[in-house]
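Peer 1: just to be clear, the model below is a prediction. Sequence and coordinates:
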Amino acid sequence: MNSLIKLELTRALRNKKFLFFSVIYPSVLFLLIAGQSTTSDVVTGTGGLNLAAFMMVSMASFGALTAVLMGNSERIAKERENGWVRQLRLTTLPGRGYVLAKTASAAVVSLPSIVVVFVVAAVFKDVRLDAWQWLALTGAIWAGSLCFAALGVAIGYVASGDAVRPITMITYFGLSILGGLWMPTTSFPQWLQDIAEWLPTHAYAALGQAIEVGGAPEAKDVGLLVVYFLLFAGGAAWLYRKDTLKA
């Protein structure tokens, strides 16, 4: 499994288009959305966070989501079509090992996207936090991305090579927008806010926002992400085994 993780990392780091959209794109969006904001632009319902601090966590989460979801789903669907997955089945690698390797390698690639957004926010918007908060934010957002890495693996096994991109894009933008990564969910109608609170992306962003205001993530948000991770990872492993039986 370690060899597969190293291979996946090497392939991802060689993909310049993938690196641009997962590392640079979120920072550009951050500057576009929060570039003209001031420290007095407080986001309602966030415990006093200004727009720059709020969007820093949102775009770091969005960047990690981009890296793990987009990278996994399309790559796996193409690997199924070109026969790479069939070759892996001839090895001793179990289904759970394949899913874990894909999830872990994608999560490692997501780290630069998080760090770059933090650096841009600190340099250009003067976002200041204590050292423990920076470390806790990085760890929380990085660990939370595992949930979406598992989702990417599952989508890669549900969709064919031709259908994987539109399915991934709908999932990607739907979770990002409805989960509050592009705008505060407090701007939504109440019925939509009620739905958003149960989405994994809403819980994901809430982890970082809680740390920014000096607290600990709520048990509900952590629990939601754990449940979603188990569902996505379990579904991915089941789809992998099902695909194996079809071959």
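Peer 2: Here it is on my side, so go on. Treat the numbers as computed from the prediction; the structure is a model and nothing was measured.
Peer 1: how near is A101 to N72?
Peer 2: 11 Å (C-beta to C-beta, to the nearest Å). The way it works is simple: take the backbone N, C-alpha and C, and place the C-beta from them, glycine included.
Peer 1: kindly report the same for L146.
Peer 2: Counting by C-beta to C-beta, the gap from L146 to N72 is 11 Å.
Peer 1: of those two, who's got more company?
Peer 2: Taking other C-beta atoms under 10 Å, L146 and N72 do not tie; N72 has more neighbours (29 against 21).
Peer 1: measure the more buried one to A150 for me?
Peer 2: N72 sits 8 Å away from A150, going by C-beta to C-beta.
Peer 1: please apply the same query to S40.
Peer 2: 40 Å.
Peer 1: how about A163?
Peer 2: Applying C-beta to C-beta to A163 and A150 gives a distance of 20 Å.
Peer 1: the more surrounded of the two?
Peer 2: Between A163 and A150, counting by other C-beta under 10 Å, A150 is the more crowded of the two (29 against 12).
Peer 1: now L239. Nearest residue, chain neighbours left out?
Peer 2: Among residues not flanking L239 along the chain, Y157 sits closest, at 3.6 Å (C-beta to C-beta, 6 or more residues apart in numbering).
Peer 1: verify the stated contact: the one you found with Y240.
Peer 2: Yes - when contacts are counted by C-beta atoms under 8 Å, Y157 is listed as touching Y240 (6.2 Å).
Peer 1: of these two, give the one with the bigger neighbour count.
Peer 2: Y240 (25 against 22).
Peer 1: could you look up the SS state of the spatially most central residue of the chain?
Peer 2: When C-alpha atoms, centre = their mean is applied to the chain, the residue found nearest the centroid is L65 (2.0 Å). At L65 the chain is in helix, as set by DSSP: H, G, I helix; E, B strand; the rest coil.
Peer 1: ok, now which ones touch it?
Peer 2: Applying C-beta atoms under 8 Å, 6 or more residues apart in numbering to L65 gives the contacts 145, 148, 172, 175-176, 181, 201, 204.
Peer 1: from the contact counts, what lies against the longest helix seen in the chain?
Peer 2: When the chain is parsed with DSSP state H, its longest helix is helix 95-124. Applying 3 or more C-beta pairs under 8 Å, 6 or more residues apart in numbering; DSSP states H and E, we find helix 95-124 packed against helix 2-14, helix 25-34, helix 51-65, helix 71-82, helix 131-158, helix 219-246.
Peer 1: pLDDT weak spots in this protein?
Peer 2: Counting by pLDDT under 70, the chain contains low-confidence ranges at 1-19, 82-100, 102-103, 243-247.
Peer 1: hang on, the earlier thing: pick the most deeply packed of the helices and strands packed on helix 95-124.
Peer 2: Greatest average neighbour count among the helices and strands packed on helix 95-124 goes to helix 51-65 (a mean of 28), per mean count of other C-beta atoms under 10 Å.
Peer 1: can you get me a residue count around Q190?
Peer 2: With other C-beta under 10 Å as criterion, Q190 counts 7.
Peer 1: ditto for F20
Peer 2: F20 has 11 nearby residues by other C-beta under 10 Å.
Peer 1: contacts only, for it.
Peer 2: Not one residue lies near F20 by C-beta under 8 Å, 6+ apart.
Peer 1: start at 355, not 1
Peer 2: New numbering, starting at 355: the last item is F374.
Peer 1: can you classify it as helix, strand or coil?
Peer 2: F374 is classified as helix under three-state DSSP.
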